[in-house]
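> Fold the stuff below for me.
(one chain, ligands or ions: 1)
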Amino acid sequence: MASAPREHRVVVVGAGVGGLVSALQLARQGLAVTLLEAAATPGGKMRQPVVDGAAIDSGPTVFTMRWIFQQIYASAGARLEDELELTALPVLARHAWGADERLDLFADPAQSREAIARFAGAAEANRFGQFCRQARAVYDTLEGPFIRSQAPTLMRMQGDLGLRGLAVLASLGPMRSLWGALGKHFHDPRLRQLFARYATYCGSSPWQAPATLMLVTQVELDGVWSVRGGMHALAKSLASLAERAGVTLRYGVRVASIDVSGGRANGVRLDNGERIAADSVVFNGDRSALGQGLLGDVVSRAVAPVAPSQRSLSALTWSLHAATEGFPLERHNVFFQPDYRREFDDIFGHGRLPATPTVYVCAQDRGCPGTPAPARDRLLMLVNAPAEARRVLTEAEIEACESHSFSLLAGYGLTVRRTPQNSLRTTPSDFHRMFPGSAGALYGMATHGWMSAFQRPGAASRIAGLYLAGGSVHPGPGVPMAAMSGQLAAATLMAHLDSTSRSRRAAICGGTSTRSAMTAGTD
Ligand SMILES: Cc1cc2nc3c(=O)[nH]c(=O)nc-3n(C[C@H](O)[C@H](O)[C@H](O)COP(=O)(O)OP(=O)(O)OC[C@H]3O[C@@H](n4cnc5c(N)ncnc54)[C@H](O)[C@@H]3O)c2cc1C
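Alright, predicted model coming up:
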């Protein structure tokens, strides 16, 4: 039987954004929370290695959905804007298809329309307007019934959508892929490619992702912010808020197993043998780690396993502190290659690195109005890669992809003065080592097919007292979504606690005690 809230001890495993948010919110509600993180710093994928003397944001770079964090900070009695310096970026991203073919998207939709009209003609700019209206409608339709829902099912969602919501989804076309839906809007293949790329924000192929994923576009069109100190500063700020709320944070400690007694999670054991007792455990690592038995055999049944073919994209990245020349870098830059389909066939069809990769470059010191270009840029360069679900990539394959990527940039005019000292490469194997159980997949399961969004587990696992938070569970990957999963984990745990104490009170008052609500996490 669980203890009353004040004495309820929670261990949160992992200080990714999902773990940090759940720890913060549980501590704010009076629970005794200990957060255990294997790395030396908070943030998980929001990491910031030092390369040639400069700290480089080497995970997420695009900060969106600011309102989610405003709510989280407000719930902790703080103001986001007091804790972090955020600057709205006037240019959302710069896209290039060659040395002279460039298109910027702007925070101001009218400016984007004008840019598209100049780039692809007035008719295409009108179609962009229609696309934005549809993407907005899809976002508005799914925000409540899906994104904010605890664990949506198709049945429940149909009821929540109502006739109006169902009509919005039906307007996308039955079972249409994102790529198919974009073809209805855009006649210029470059624009279709540009908006298809948003599927990769969920680690997916535009050819297999459902058309509903156009809501990701809407999220970005709603605004992108730069965080002073990088995205890692957000992690440090959340960790500091959590500490102020009473969370005990321990870094450099790896949890080797989650203990279960009488069918209920009751603590963890570290790899140095130390045992920490708890009444509930929140797991913020990749959910696959549980299924693979990396946290012990007993908890391997906590969630359904992820098949190798369901893994999302991984990435090959370079964190650089280097001089650049020849291309006017914005904060976010995308260098497209013409055969987009081949990129995803290579990755998802053949499990290999793309022969002709699209290259994303984040120049983290650019894009804020009034800031001069630095002498040396802090860059994160990224190409999509297969997760190592089927095989490990060879050094020769990686070097070939590296050479294609830097040649593509040079062909579009961007020279990066790279040396072995100013460049740090991270491969899918490296990501797998940092995020155990993931096979290097950075976004959990790919969102492929219409049902995939319902296959992510919710916050309650199949084991009582064990909760899940992070990008590999509902509502999915991305910093704001993983933060929301942390909120959902905290809310689910509190709801279970609340119903337990109510059934206790009923039992004390002579009522018939029903099944402890704490075991409600077993469905
Ligand atoms: C290169 C890259 C680019 C990205 N770009 C963007 C972007 O621009 N915008 C965006 O919104 N999202 C982006 N993402 C995705 C986003 O970073 C993730 O979805 C999100 O940060 C995941 O957070 P999480 O809560 O799942 O925790 P994670 O970041 O996965 O962290 C989990 C933590 O748990 C710890 N842990 C795991 N197991 C144990 C254990 N046994 N014991 C102790 N600790 C453990 C790990 O060390 C890790 O710190 C990107 C990701 C990457 C890698």
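> Around the ligand, pick out the residues from this structure.
13-19, 36-39, 44-46, 59-62, 254-255, 284-285, 315, 317, 382, 435-436, 442-443, 470-471, 477-479, 482 (C-beta under 6 Å from any ligand atom). (C-beta placed from N, C-alpha, C; glycine too.)
> quick one: which of those sit in strands?
Counted as lying in strands by DSSP state E, out of these, are 13, 36-37, 255, 315, 317, 382.
> out of these, who's nearest residue 372?
Ranked by distance to residue 372 (C-beta to C-beta), those are led by residue 382 at 25.2 Å.
> Quick check, the closest one in contact with residue 313.
No - applying C-beta atoms under 8 Å, one finds residue 382 not in contact with residue 313, separated by 10.1 Å.
> quick one on the thing from earlier: return the members of the residues of the chain next to the ligand classed as buried.
For these, a neighbour count by 16 or more other C-beta atoms under 10 Å gives the buried set as 13-19, 36-39, 44-46, 59-62, 255, 284-285, 315, 317, 382, 435-436, 442-443, 470-471, 477-479, 482.
> Excluding chain neighbours, give the residue nearest to residue 318 in space.
residue 381 (4.4 Å; C-beta to C-beta, 6 or more residues apart in numbering).
> Please report how far that neighbour lies from the ligand.
10 Å (C-beta to the nearest ligand atom, to the nearest Å).
> tally of neighbours for that residue?
Residue neighbour count, defined by other C-beta atoms under 10 Å, stands at 27 for residue 381.
> Now do it against residue 236, distance only.
As judged by C-beta to C-beta, to the nearest Å, residue 381 and residue 236 stand 24 Å apart.
> Next: residue 303.
When residue 303 is compared with residue 236 (using C-beta to C-beta), they lie 30 Å apart.
> Tell me which of those two has more neighbours.
Ranked by neighbour count (other C-beta under 10 Å), residue 303 and residue 236 place residue 303 first, with 23 against 19.
> Can you name the residues that contact the residue in the stretch 151-300 of the chain positioned nearest to the ligand?
Nearest residue of the stretch 151-300 of the chain to the ligand: residue 285, at 3.1 Å (C-beta to the nearest ligand atom). By C-beta atoms under 8 Å, 6 or more residues apart in numbering, the contact list for residue 285 reads 13-14, 16, 295, 435-437, 470.
> please redo it, this time with the cut-off set to 7 Å
Contact partners of residue 285, counting by C-beta atoms under 7 Å, 6 or more residues apart in numbering, are 13-14, 436-437.
> How about residue 284?
So residue 284 contacts 12-14, 16, 18-19, 469-470 (C-beta under 7 Å, 6+ apart).
> quick one: it from residue 76, how far?
Distance from residue 284 to residue 76, by C-beta to C-beta: 18 Å.
> Any stretches of this structure with poor pLDDT?
Applying pLDDT under 70 to the chain flags residues 1-6, 174-175, 504-523.
> now residue 76: how far from residue 91?
Distance of residue 76 to residue 91, given as C-beta to C-beta: 32 Å.
> Tell me, how many residues neighbour the nearest residue in space to residue 101 that is not next to it in sequence?
Excluding its sequence neighbours, the residue lying closest to residue 101 (C-beta to C-beta, 6+ apart) is residue 190, at 7.5 Å. A count of nearby residues for residue 190, using other C-beta under 10 Å, gives 17.
> Equivalent analysis for residue 171, please.
Residues within reach of residue 171, counting by other C-beta under 10 Å, total 12.
> try residue 349
13.
> ditto for residue 189
Residue 189: 15 neighbours (other C-beta under 10 Å).
> before we move on, the earlier item: out of the contacts of residue 285, who's nearest the ligand?
Using C-beta to the nearest ligand atom, the contacts of residue 285 come closest to the ligand at residue 14, 2.5 Å.
> Show the contacting residues for that closest one.
Residues near residue 14 by C-beta under 7 Å, 6+ apart: 37, 44, 283-285.
> Output the residues you listed as a markdown table; include the columns distance to residue 210.
As requested, the contacts of residue 14 are exported to a markdown table (distance: C-beta to C-beta, whole Å):
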| residue | distance to residue 210 |
| --- | --- |
| 37 | 34 |
| 44 | 27 |
| 283 | 28 |
| 284 | 27 |
| 285 | 27 |
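> from the chain's centre, how far out does the longest helix seen in the chain sit?
Taking DSSP state H as the assignment, the helix of the chain that covers the most residues is helix 479-508. Taking C-alpha atoms, centre = their mean, to the nearest Å, one finds helix 479-508 lying 23 Å from the centre of the chain it belongs to.
> Sort out which residues of it are buried, please.
Within helix 479-508, the residues scored as buried using 16+ other C-beta under 10 Å are 479-494, 496-497, 500-501, 503-504.
> what comes into contact with stretch 326-339?
Residues contacting stretch 326-339 (C-beta under 7 Å, 6+ apart): 61-62, 89, 91-97, 104, 193, 197, 226, 356-363, 366-367, 377, 408-409, 412-415.
> Repeat that for stretch 481-496.
With C-beta under 7 Å, 6+ apart as the contact definition, stretch 481-496 has outside contacts at 16-22, 25-26, 29, 68-69, 72, 150, 280, 282, 459-460, 467-471, 473-475, 517-518, 520-521.
> for stretch 127-147, same thing?
Stretch 127-147 is contacted from outside by 109, 113, 116, 152, 157, 160-161, 165, 168-169, 185-186, 212, 214-215, 217-218, 221, 453, 475, using C-beta under 7 Å, 6+ apart.
> Filter those residues down to the buried ones, ChimeraX style.
Those of the contacts of stretch 127-147 that count as buried under 16+ other C-beta under 10 Å are selected in ChimeraX with:
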select :113,116,152,157,161,165,168,169,185,186,212,214,215,217,218,221,453,475
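> Show me the contacts of stretch 127-147 that map onto strands.
If you go by DSSP E, the contacts of stretch 127-147 have nothing in strands.
> Strands of the stretch 101-250 of the chain, start to end?
Ranges of strands in the stretch 101-250 of the chain, per DSSP state E, counting those that start in this stretch, are 102-106, 225-227, 248-251.
> burial of residue 130, as a residue count?
Residue 130 has 12 neighbours, counted by other C-beta under 10 Å.
> try residue 336
By the measure other C-beta under 10 Å, the count of residues near residue 336 is 24.
> again with the one 4 residues further on
Residues near residue 340, counting by other C-beta under 10 Å, number 23.
> That one contacts residue 194, doesn't it?
No - at 9.9 Å, residue 340 does not count as touching residue 194 under the criterion of C-beta atoms under 7 Å.
> Same question for stretch 228-235: list its buried residues.
The neighbour-count check on stretch 228-235 (16+ other C-beta under 10 Å) flags 230-235 as buried.
> And for stretch 391-405?
With the criterion 16+ other C-beta under 10 Å, stretch 391-405 contains buried residues 393, 398, 401-402, 404-405.
> Which of those fall in helices?
398, 401-402, 404-405.
> now the helices for the stretch 51-200 of the chain?
Per DSSP state H, counting those that start in this stretch, the stretch 51-200 of the chain carries helices over the ranges 66-75, 80-83, 109-120, 122-142, 154-170, 178-185, 189-196.
> Any chance you could list what contacts the second one?
Right, the one you point to is helix 80-83. By C-beta under 7 Å, 6+ apart, helix 80-83 touches 69-70, 73, 237.
> Residue 342: neighbouring residues, count only.
14.
> Same question for residue 407.
Residue 407 has 10 neighbours, counted by other C-beta under 10 Å.
> that's a strand at it, yeah?
No - applying DSSP: H, G, I helix; E, B strand; the rest coil, one finds residue 407 to be helix, outside a strand.
> any idea how far residue 179 is from the residue of the stretch 301-450 of the chain found nearest the ligand?
At 4.2 Å from the ligand, residue 442 is the closest residue in the stretch 301-450 of the chain, using C-beta to the nearest ligand atom. In this view, residue 442 and residue 179 are 21 Å apart by C-beta to C-beta.
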